[in-house]
Each structure stands twice: as structure tokens, then as C-alpha cells.
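J.: What shape does this take:
(one chain, ligands or ions: 2)
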Amino acid sequence: MPRSKCDVMSKEPSSNLESAMQMLIKTFHKYSGKEGDKYTLSRGELRELLTEELGNYLGNAQDKDAVERVMNDLDSNNDGEVDFTEFIILMGALTVACNDFFLDSPAPKKPESKGDAATTEEKKE
Ligand SMILES: [Ca+2]
Ligand SMILES: [Ca+2]
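T.: Ligands and ions are numbered 1, 2, ... in the order given. Okay, here's the model as predicted:
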């Protein structure tokens with residue numbers, strides 16, 4: 001593995017956040033190294049990662065179309081593989097989604113509409 005400027009991998013993590021970063025990197029490479037290019041995820045590797053590691057968040061990862069959609073969304077340079085940068089965008093998006101949920105749950109909903117209020121009803125007086 002090539003050395004990078006960031007030595008987060010060579011030291012014991014001193015915080016949960018550093019551990020989380022290491023886990024992201026390790027998890028990616030655990031799957032990306034299975035076939036083809038070992039630094040990128042093929043469709044099969046992506047499906048495995050989604051199924052094994054993100055089953056709770058992406059319950060429909062077994063669904064081939066769902067994997068295909070995620071793949072198409074993530075593969076911003078259209079090379080048919082998901083590299084680490086593309087993967088981290090997924091993790092960022094999922095984390096934001098979780099954070100939104102976290103923000104939404106205890107407090108009343110903010111008056112923020114995405115134009116489609118079909119599923120969420122706002123109480124008006
Ligand atoms: Ca691979
Ligand atoms: Ca790509």
C-alpha cells in the first residue's frame with residue numbers, strides 16, 4: 001500500500017472519529033480488493049459491500065436495480081467502477097441523511113419544503 005501524507009492508518013486511532021475514518025478506508029479496501037482493480041469497487045463488489053455493511057440503511061441492496069442505481073449515481077467518471085472518492089460521497093450522503101433524521105426526530109419539523117409535501121403533513125392553524 002502506498003504511503004500517503006495522511007498517516008491516520010499507521011497510528012492507533014485516538015478518537016472515535018479517527019476510528020471511523022480508518023473503518024471507512026478498511027471497509028472499502030476489504031471489498032475493492034476482491035476482483036479486478038483492487039482500488040475500485042466493481043458492481044459485484046459494490047453489491048457485496050452494500051449488502052454486508054449497509055443492510056440497515058439500504059435494505060433493498062439485494063435488488064439488482066437498486067445496486068445499479070447506486071452504481072450509476074456514484075460513478076461520476078463513468079468508468080463502471082466506484083473508486084474511494086466516489087464511495088466516500090455515498091457515505092457522506094448517507095451520513096447527512098442520518099443526521100437529518102436525527103435532527104428531525106426530537107424537534108418539530110422546520111418549515112422547510114422540498115416542493116413535495118405528499119408524504120409529510122404539516123399542521124397548520
Ligand atoms: Ca475491485
Ligand atoms: Ca468511477
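J.: Would you mark the buried spots in stretch 22-29?
T.: For stretch 22-29, burial by neighbour count (16 or more other Cβ atoms under 10 Å) applies to 25, 27-28. Quick note: C-beta positions are derived from backbone N, CA and C, even for glycine.
J.: ok, those vs ligand 2, which is closest?
T.: Minimum distance to ligand 2 across the buried residues of stretch 22-29 is 13.1 Å, recorded for F28 (Cβ to the ion).
J.: That closest one contacts F84, doesn't it?
T.: Yes: using Cβ atoms under 8 Å, F28 makes contact with F84 at a distance of 5.5 Å.
J.: roughly how far out does stretch 50-58 sit from the chain middle?
T.: With Cα atoms, centre = their mean, to the nearest Å as the basis, stretch 50-58 stands 10 Å off its chain's centre.
J.: helices and strands around the worst-scoring helix or strand of the chain on mean pLDDT, which ones?
T.: Taking mean pLDDT, DSSP states H and E as the measure, the helix or strand of the chain with the lowest value is helix 64-74, at a mean of 85. Packing partners of helix 64-74 (3 or more Cβ pairs under 8 Å, 6 or more residues apart in numbering; DSSP states H and E): helix 43-53, helix 84-104.
J.: Tabulate these (a markdown table), appending distance to ligand 2, mean neighbour count and mean pLDDT.
T.: Listed next are these as a markdown table, based on distance: least, Cβ to the ion, whole Å; neighbours: other Cβ atoms under 10 Å; pLDDT from 0 to 100:
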| stretch | distance to ligand 2 | mean neighbour count | mean pLDDT |
| --- | --- | --- | --- |
| helix 43-53 | 10 | 18 | 92 |
| helix 84-104 | 5 | 13 | 91 |
